[in-house]
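1. I'll drop the sequence and a predicted model, then ask my questions.
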Amino acid sequence: KNEVEQSPQNLTAQEGEFITINCSYSVGISALHWLQQHPGGGIVSLFMLSSGKKKHGRLIATINIQEKHSSLHITASHPRDSAVYICAVKSADKLIFGTGTRLQVFP
Amino acid sequence: IAGITQAPTSQILAAGRRMTLRCTQDMRHNAMYWYRQDLGLGLRLIHYSNTAGTTGKGEVPDGYSVSRANTDDFPLTLASAVPSQTSVYFCASSPTRRFGEKLFFGSGTQLSVL
């Protein structure tokens, strides 16, 4: 079993829909990152959080340390949000990455 | 524009050949990393460097070497490439390796070893 599990693996949505991507982990962590990878492009860091909730534009990230779970929400989704979203946890001085959630938003 | 530059963007390489992937950053970050990304797997750390002059082994270091002669450059060398090294390689950096710091990634190098 992977130490970092993301769900769903694939997600399709209609423009305007509210989207939730989940990340569960089984190790002790000091921080959790959400990353975005566009097709053919590099990887961009969206959030780093160790507790609570962070918001940037239409993106919201939450983390529940007790439940070892984080969610990434996208409000009013847009086709340009189509990408792979990757969760990574910082545990014992190393980063452990999830395999990503592929999101496609259709007009 | 500040950031990380990787070269080449893509490369096809014959097995047994030597190859160096280049990575340069202009943010004066101390920590740099090399990851490989394979289908169905999360990013895996190959080697890292906490600061110029030091390097360390990551999760999958075999067959790869790195050097960190200065703050800006962190090349990754495959001494004798094998087909299992076919992957997408990402260089990344952060101010230090402490938790709570944002990671910056290059745009990746697609490497095919035949």
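-> Yes, it's here.
2. what is the burial count for the residue in chain B that chain A sits nearest to?
-> For chain B, the nearest residue to chain A under the criterion Cβ to the nearest Cβ is B:Gly42, separated by 3.2 Å. Placement of C-beta: from N, CA and C, glycine included. When neighbours are counted by other Cβ atoms under 10 Å in any protein chain shown, B:Gly42 registers 20.
3. over to A:Ile74?
-> By other Cβ under 10 Å, 20 other residues sit near A:Ile74.
4. just give the nearest non-adjacent residue to B:Thr9, would you?
-> For B:Thr9, the nearest residue in space outside its immediate sequence neighbours is B:Thr109; the separation is 6.5 Å by Cβ to Cβ, 6 or more residues apart in numbering or on different chains.
5. does the one you found touch B:Val88 like I think?
-> Yes. Using Cβ atoms under 8 Å, B:Thr109 and B:Val88 qualify as a contacting pair, with a distance of 7.0 Å.
6. ok, those two, which is more surrounded?
-> Counting neighbours by other Cβ under 10 Å for B:Thr109 and for B:Val88 shows that B:Thr109 has the greater number, 23 against 15.
7. look at residue 66 and say how many residues are nearby.
-> You didn't say which chain, so I picked chain A. Burial measure for A:Gln66: 5 neighbouring residues, criterion other Cβ under 10 Å.
8. wait, I meant chain B there
-> A count of neighbours around B:Val66, defined by other Cβ under 10 Å, yields 23.
9. in the sheet, who's paired with it?
-> Going by DSSP bridges, B:Val66 is paired in beta bridges with B:Leu76.
10. wait, what's in contact with it?
-> With Cβ atoms under 8 Å, 6 or more residues apart in numbering or on different chains as the criterion, the residues that contact B:Val66 are B:34, B:46-47, B:49, B:55, B:74-77.
11. and it, how far from B:Arg18?
-> The span separating B:Val66 from B:Arg18 equals 14 Å under the rule Cβ to Cβ, to the nearest Å.
12. spatially, which residue comes closest to the residue sitting nearest the centre point of chain B, not counting chain neighbours?
-> Using Cα atoms, centre = their mean, the residue of chain B that lies closest to the mean C-alpha position is B:Trp34, 2.7 Å off. If the residues on either side of it in the chain are set aside, B:Trp34 comes closest to B:Ile46, at 4.4 Å by Cβ to Cβ, 6+ apart.
13. which pLDDT value belongs to that neighbour?
-> Per-residue confidence for B:Ile46 comes out at a pLDDT of 97.
14. surely it is in contact with B:Asp62?
-> No. Applying Cβ under 8 Å as the test, B:Ile46 and B:Asp62 come out as separate, 9.3 Å apart.
15. with neighbour numbers in mind, choose between the two.
-> When neighbours are counted by other Cβ under 10 Å, B:Ile46 comes out ahead of the other of B:Ile46 and B:Asp62, with 25 against 8.
16. now for the host helix or strand of that one, which elements pack on it?
-> Counting by DSSP states H and E, the secondary-structure element that holds B:Ile46 is strand B:44-49. For strand B:44-49, the packing partners by 3 or more Cβ pairs under 8 Å, 6 or more residues apart in numbering or on different chains; DSSP states H and E come out as strand A:94-97, strand B:31-37, strand B:56-57, strand B:64-66.
17. just how off-centre is it within its chain?
-> Chain-centre distance of strand B:44-49: 7 Å, with Cα atoms, centre = their mean, to the nearest Å.
18. likewise stretch B:60-68?
-> Averaged over its C-alpha atoms, stretch B:60-68 has a centre that lies 9 Å from its chain's centre (Cα atoms, centre = their mean).
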